[in-house]
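S.K.: Okay, sequence plus prediction incoming.
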Amino acid sequence: MSIFDILSNVQDLRKGDDSCAFNGYLEDYLTVIEEDHPKRSLFTKLFEADENLRICVNFGFDVNREVISNQIIRYKDASKLPRKFMKCPYLVYGKDATGHQFGLILYPSDRQEYLVAKGIYFALTEQEGPFESGRNEIVAMTMENEEQCLSIVNRMMAGDVRVGALQREIDRQNFKNFDELNHLANNYAQLLKDQVTENIKDHQHRGEIIYSTIMRWFLIKKAVYVHYMTNKDLLVTINENNIKKQRHNAKTFADQIPFIAFSEMWRL
């Protein structure tokens, strides 16, 4: 099933379903958000580009502990997250002129959280994931550059670019190679570690900040692991075409992502 068909069957809170906060036409979403909504300008531009675009907001999902890659990553704290705590903030979707379906995961932050957006993509489209069959119709990106987001959607609507090539293009704007990706991942994970250490003592909702941070650490680890595992150049140049060696090194890089254990965060 393609991504448009998958999402068209997802119910939202308006119908008593907690699968997502809103799922419907972008035009309707613009009528329910506040005038000062931080992303209203972008959503308005997207609607003007195609009045038939739809949007799914805060789609909830869980870590699938049966998936082999998640078992290898072995970040046990991710299994302690409440049901459907992990969220895909925005997924804009539609059809191009030929009827081909497409979706765009939009993460409301800047470049440093690009790997969180990619982690969401990998989690949603992995084996037995909710969007597994729509894997080749979705790209992921952050939202700090409105014109870039609009350009990506316009190109997807035009139907003249392969989604994989488009995602690789977005990747290159954020990192040139795996070393840069790994550096970005470690720096952001360390920043999260510093922030939670500094802020949690005075935070009124300790559980919320702990779970939110665990979610991000897991998604960063997943992005690092999957990016390494799917890098054919590394398989040839570093791992001697040995997939076991590739898997071992992918796990090593994911394990090196800094984090604080769940129980330790509660004791801070």
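M.R.: Sure, I can see it.
S.K.: The residue of the chain positioned farthest from its centre in helix, strand or coil?
M.R.: Centroid-distance maximum for the chain: residue 240 at 30.7 Å, with C-alpha atoms, centre = their mean. On the three-state scheme (DSSP: H, G, I helix; E, B strand; the rest coil), residue 240 is labelled coil.
S.K.: Backbone dihedrals for residue 239, please?
M.R.: Phi and psi for residue 239, reported as degrees, to the nearest 10, are phi -110, psi 10.
S.K.: And it, how close does it get to residue 178?
M.R.: 12 Å (C-beta to C-beta, to the nearest Å). (C-beta placed from N, C-alpha, C; glycine too.)
S.K.: Which neighbours do these two have in common?
M.R.: When C-beta atoms under 8 Å, 6 or more residues apart in numbering defines a contact, no residue borders residue 239 and residue 178 alike.
S.K.: what about residue 151, how many neighbours?
M.R.: 12 (other C-beta atoms under 10 Å).
S.K.: Which elements pack onto the helix or strand harbouring it?
M.R.: Taking DSSP states H and E as the criterion, residue 151 maps to helix 146-158. For helix 146-158, the packing partners by 3 or more C-beta pairs under 8 Å, 6 or more residues apart in numbering; DSSP states H and E come out as helix 40-49, strand 101-107, strand 138-142, helix 163-174.
S.K.: Mean pLDDT and mean neighbour count for those - can I get that in a markdown table?
M.R.: Formatted as a markdown table, the helices and strands packed on helix 146-158 follow (pLDDT from 0 to 100; neighbours: other C-beta atoms under 10 Å):
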| stretch | mean pLDDT | mean neighbour count |
| --- | --- | --- |
| helix 40-49 | 96 | 16 |
| strand 101-107 | 96 | 24 |
| strand 138-142 | 96 | 24 |
| helix 163-174 | 95 | 14 |
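S.K.: Residue 132 is in contact with residue 121, isn't it?
M.R.: No: Residue 132 is beyond contact range of residue 121, at 11.7 Å (criterion: C-beta atoms under 8 Å).
S.K.: Which secondary structure state does residue 91 sit in?
M.R.: Judged by three-state DSSP, the three-state class of residue 91 is strand.
S.K.: so how far is residue 179 from it?
M.R.: Residue 91 sits 30 Å away from residue 179, taking C-beta to C-beta as the criterion.
S.K.: Looking at the two now, which is surrounded by more residues?
M.R.: Legend: neighbour count by other C-beta under 10 Å for residue 91 and residue 179, higher for residue 91 (26 against 9).
S.K.: Which pLDDT value goes with the more buried one?
M.R.: Predicted confidence (pLDDT) at residue 91: the value is 98.
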